[in-house]
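Asks: Sequence first, then the predicted structure, then my questions.
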Amino acid sequence: MIENNKENQESSETFNISKYPITTNAFSWSKASIILYLSLHVLSLLIPSVLILTFYKSALNEDIIDNWWRILLIFIDIMAWWGLYLLTSLLFSKLFLIILELIHRPKEGLFKLDNKNTDYYFYCLRISVKKFIFWIWNNFCFPWASNLAFKLCNMRADFKSTMFDGWSDLEFIEYGNNIMLGQGAVVLSSMIIGDHLLIRKVVIGDHVVIGANAVVSPGTIIGSGATLGVWASTHIGQILEHDWIYIGRPARKYKQSKTVYEESKKESEIGTIRRVVDTGEKVPHKVKRYVKKDVVGIAIENLELLYQKWLESEEAKNEKEARKRMKKKFKEDKRRAKNMGE
């Protein structure tokens, strides 16, 4: 058994992936998979159906005139039934997965595409359950729900990662923290090679960015902080070093992330270059960029200006009041002198 596993591993490492499609679905529907899939639907709908029948029995009985207000809450009841359906589906799906994994433990390797092969047969059964989970939660209104589905499928994934735009296999993938799957990106831990199914674990480190329509092949290890460019693809068992940008098919080193950051920072200091579409000429282009300011210093300057304006307004106010007092005193003196003359 150990020798066969070593031979399978060596053959997968030396295999020329360019001759085969790398996004072929490795899952096939057997009779048992279909029965399992339909059973999950029936069991998940069972409890909500009981509640619905109970509702109509209590709310739409002969005393409907007295219970008319209950009809107004029908929308709340519908949301409650839907939520209960989701929770019930997760409960039964997780239970089925535990039972399947206890019967036959998942493992990596190269397996014959035949339902008589127990590894391939139970792989299809597990995937049918996991497809049901993702079918349920991909129709949920919150984007982080897919991350919860990954956790239910025994895959490491945090809620800060953006993963709902891409497509991922559901076994033997370990995601790091704060990763991003671009639109249409594909992460494969299994693929079809000839008449065999290859399963190899994929490890993706923290803060990894996988560009749009990029393909990660089985056995790939991506270091933390690495970036796989748009339309790039890895070969089986490829290792991408941390803090590097990879492009092309198959993926190859382009630049270090730190170098790109320093170049972009330098360009922001000297300005940008714009290419004229008609002539192809490159001309400098000035862009108003955000400049970090001393907020405390600006606040102090503004306070000093406000204080000066306040002083000036107080002086003007005092002068105005003094003029009013002098004018009032002048009128009183004039009236007093007039009275004395009479």
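Replies: Everything's here; your move.
Asks: make it CA atoms for all contacts and neighbour counts henceforth
Replies: Fine.
Asks: Nearest spatial neighbour of residue 242, chain-adjacent residues omitted?
Replies: residue 223 (4.0 Å; C-alpha to C-alpha, 6 or more residues apart in numbering).
Asks: what's the helix or strand for residue 111?
Replies: Element membership for residue 111, per DSSP states H and E: strand 109-112.
Asks: Tell me the strands beside that strand, with direction?
Replies: strand 196-199 (antiparallel) (DSSP bridges).
Asks: for the very next helix or strand once past the partner strand, what is the average pLDDT?
Replies: For strand 196-199, the following helix or strand on the C-terminal side (DSSP H and E) is strand 202-204. Mean per-residue pLDDT for strand 202-204: 93.
Asks: same for the longest helix along the chain, what does it pack against?
Replies: Across the chain, the helix with the greatest residue count (assigned by DSSP state H) is helix 295-341. On a contact count with 3 or more C-alpha pairs under 8 Å, 6 or more residues apart in numbering; DSSP states H and E, helix 295-341 meets no helix or strand.
Asks: re the thing from before, now do the strand holding residue 111: distance to the chain's middle.
Replies: 32 Å (C-alpha atoms, centre = their mean, to the nearest Å).
Asks: So for the longest helix of the chain, mean pLDDT?
Replies: pLDDT averaged over helix 295-341 gives 80.
Asks: swap in stretch 233-253?
Replies: 90.
Asks: Could you pull out the buried residues of that stretch?
Replies: Within stretch 233-253, the residues that count as buried by 16 or more other C-alpha atoms under 10 Å are 233-238, 240-248, 250-252.
Asks: For that stretch, measure first residue to last.
Replies: Using C-alpha to C-alpha, to the nearest Å, one end of stretch 233-253 lies 12 Å from the other.
Asks: next one: stretch 201-212
Replies: Stretch 201-212: ends 22 Å apart by C-alpha to C-alpha.
Asks: in that stretch, what's buried?
Replies: Buried-residue list, stretch 201-212, by 16+ other C-alpha under 10 Å: 201-212.
Asks: and for that stretch, what are the contacting residues?
Replies: With contacts defined as C-alpha atoms under 8 Å, 6 or more residues apart in numbering, stretch 201-212 is touched by 108, 171-185, 188-189, 217-232.
Asks: Can you select the buried ones among those for me in ChimeraX?
Replies: The following ChimeraX line selects those of the contacts of stretch 201-212 that are buried, judged by 16+ other C-alpha under 10 Å:
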select :108,171,172,173,175,176,177,178,179,180,181,182,183,184,185,188,189,217,218,219,220,221,222,223,224,225,226,227,228,229,230,231,232
